[in-house]
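Trainee: For reference, the sequence and a predicted model appear below.
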Amino acid sequence: MWLGELSAGDTIDFKFSTRGTTGAPTQLAGSPAISVYKANGTTESTTGVTLTVDFDSRAGLNHVRITTGSDGTFYADGQDFQVVITAGTVGGTSVVGEVVGHFSLRNRAGLKPTTAGRTLDVSAGGEAGVDWANVGSPSTSVNLSATTVNLVNTLTTYTGNTPQTGDGYAVVASGSHGNAALKTLIDTLDDYVDTEVAAIKAKTDNLPASFPTNFPILAIDASGRMQVQYGTSTGQIALTAGQLTSSTLAASAGAALADYVYDEALSGHTTSGTAGEALNRLDDIQSKTDLISSAAIEVSSPITVDGDMEVVQGASYYTADGRNFDFINAAGTWADLSNATVTFYAKNGDLSASMSVVTATGANQKVRLQLTEGQVASLGDPGIYPYEVKAVLQTTSHPVVLAQGDIEVVDSQAF
C-alpha cells in the first residue's frame, strides 16, 4: 500500500486487514509487531511505531501509527521506507514478512520547499507567485521594453536621459518651435474648434427631438453586436454574405460568427480529420460507455491504492492466503451472474485470468480474482496498466463490463 510522499517529522496513520483461509477478516495474533525498513537496508526500526489490532473492536482490522519525528536519524528526508509485519500469525499461520505499506520522505517530488510543509502559490492561470525579496540575481539588468510601469512610489536612481541645457534648451523654451510657438498653435486650434462646433450644432439643431415610432435606429448593444431598433422593438442584424464584413462590423462580427458556429448542425460536417467529424463520433463513444454499469464498485483486497489494484512482482494472490481481490456491487445492479463466465483482463490482454462468482444476484454482488505468481509476472515491468472485468452472461451470452480501473505493478523489495 503506497502511503504517499511525506516529510520528516510527519505522523502517518493507516489501516490494513488480515484474513484467514476462508477470506474472512481474522485477528492478527501471536504477539504481533510492525517494523520499518529503510531503503534496501536490513536494519529495522520500531521507534515511533504503534500497532493496534482489532481496531475499534473490528476483527482483522489493524491500525498503524508511525511518528517519524521520534527518530530524526532513521526517518531522514530523501529515503524510501517499507512497513513490514515482523511478528504475528493469522489463523495460526505466520504472516512474518508481509509488507503492509511503503512511503517516502521527500524523495519523489522534484519541487521541494526550503521549509518542509510550505506550498507554492499558483494562480488560476498557472502563474507562480513572486517573492520580490527572494528573486535570483536581483542586480542583473532586465530589459522591460514591453512592460508598462503604472506607479513607482520611490525612484532611487534614474539614468539614461541627459537634462536639457545650453542652446538646445533655449530653443525648446523660446525658439520658433518652442513653448511660445506651441501656445500660439493651440490658440489657433481652439478658435477653429469653436467655429466648427458651432457649424455642427447648427445642423443638429434641425433634427427632431424624438423619432417616429417606427423610425429605424442603428445601434451597438452592450455586447458589441449591431442592432436595428424600431420604436421599442430591437432586432439583431443577420450576418449574411455581402452584408457585413469584419472591417465594418469589428467586434460584433466575431460574436455573430461565434453564434453561427455553435448553432451549426453537425450532420453536415463529416469530413475525416475535421473537428466536426470528431464531434460526430461522441455518440459512438457514448454507446460504448453505456455498457458500463453506473453502480458503485468496491474493490476489496489487502493491497489497494485509492480504490485501484496493486500487485508486487514475485507474489501470488490466493484466497487461501487471504490475498484475493473481490469486486463488490453493493447496490446489486449488475445483471444476473448465475453461471456467468467472468474474466479479468489487464495490460491490453497481456494478462487474462478467470474469476469466480461468489454472489450472483441481489445486494453486494461479488466476483473474486486470484492470481498466480506467473500471472503477475505476465504483466512485465513495474508500472500502472489499465484493467477490465468482463462477464459473459449465461442467459443471453452477452458480454458486459463490470468494472474498469488501473492495476499498479510494484517492484519487489526482496529480489
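Mentor: Done, it's in. Quick caveat, the model's predicted, so the values are computed rather than measured.

Trainee: from here on, contacts and neighbour counts on C-alpha atoms
Mentor: OK.

Trainee: Residue 64 is in contact with residue 11, isn't it?
Mentor: No: Residue 64 lies out of contact with residue 11 (CA atoms under 8 Å); the separation is 10.5 Å.

Trainee: quick one, domains of this protein?
Mentor: 2-105, 216-264, 297-410 (automatic domain parsing).

Trainee: average pLDDT for the second one?
Mentor: Taken as a whole, domain 216-264 has a mean pLDDT of 57.

Trainee: what's around residue 2, how many residues?
Mentor: Counted with other CA atoms under 10 Å, the neighbours of residue 2 add up to 16.

Trainee: nope, residue 92 is what I was after
Mentor: The local packing of residue 92 (other CA under 10 Å) involves 11 other residues.

Trainee: Quick check: phi and psi on it?
Mentor: When read as degrees, to the nearest 10, the backbone of residue 92 gives phi 90, psi 0.

Trainee: related to what we said a few turns ago, neighbour count for residue 64 and residue 11, which is higher?
Mentor: Set residue 64 next to residue 11 and count neighbours by other CA under 10 Å: residue 64 wins out with 19 against 15.

Trainee: With adjacent residues omitted, what lies nearest to that one?
Mentor: Leaving aside its chain neighbours, residue 64 sits nearest to residue 51 (4.7 Å; criterion: CA to CA, 6 or more residues apart in numbering).

Trainee: Likewise for residue 351?
Mentor: Among residues not flanking residue 351 along the chain, residue 345 sits closest, at 5.6 Å (CA to CA, 6+ apart).

Trainee: Check what pLDDT that neighbour gets.
Mentor: 96.

Trainee: Read off the pLDDT value for residue 301.
Mentor: For residue 301, the predicted pLDDT is 53.

Trainee: My error: substitute residue 342 in the last question.
Mentor: Residue 342 is assigned 96 on the pLDDT scale.

Trainee: Quick one: distance of the strand or helix carrying it to the chain centre.
Mentor: Using DSSP states H and E, residue 342 maps to strand 341-346. Computed by CA atoms, centre = their mean, to the nearest Å, the chain-centroid distance of strand 341-346 equals 30 Å.

Trainee: Partner strands of it, with direction?
Mentor: The pairing partners recorded for strand 341-346 under DSSP bridges are strand 351-359 (antiparallel), strand 383-392 (antiparallel).

Trainee: mind listing what's buried in the longest one?
Mentor: The reference is to strand 383-392. Across strand 383-392, burial judged by 16 or more other CA atoms under 10 Å covers 384, 386-392.

Trainee: Ok, the shortest one next?
Mentor: Using 16+ other CA under 10 Å as the test for burial, strand 351-359 gives 351-353, 355-359.

Trainee: And the helices in the chain?
Mentor: For the chain, the helices defined by DSSP state H cover 166-174, 179-204, 246-249, 251-263, 275-280, 282-289, 373-377.

Trainee: what stretches of this structure score poorly on pLDDT?
Mentor: The model of the chain has pLDDT under 70 over residues 109-112, 132, 158-177, 210-219, 221, 224-261, 284-307, 414-415.

Trainee: ok so, going back, got a list of contacts for the strand holding residue 342?
Mentor: 351-357, 367, 369, 379, 385-394, 407 (CA atoms under 8 Å, 6 or more residues apart in numbering).

Trainee: The same query, at a cut-off of 7 Å, please.
Mentor: Residues external to strand 341-346 that are found in contact with it (CA atoms under 7 Å, 6 or more residues apart in numbering): 351-356, 385-393.

Trainee: Which two of those have the greatest separation?
Mentor: Within those, 385 and 393 form the most distant pair, 26.0 Å apart (CA to CA).

Trainee: Run through the bridge partners of the nearest residue to residue 323 once chain neighbours are set aside.
Mentor: Distances taken as CA to CA, 6+ apart place residue 317 nearest to residue 323, at 4.8 Å, with adjacent residues excluded. Counting by DSSP bridges, residue 317 forms beta bridges with residue 371.

Trainee: How about the contacts made by residue 317?
Mentor: Residue 317 is in contact with 323-324, 370-372, counting by CA under 7 Å, 6+ apart.

Trainee: hang on, isn't residue 357 packed against residue 366?
Mentor: Yes: with contact defined as CA atoms under 7 Å, residue 357 counts as touching residue 366 (6.4 Å).

Trainee: residues touching residue 386, list them.
Mentor: Residues near residue 386 by CA under 7 Å, 6+ apart: 346-347, 405-407.
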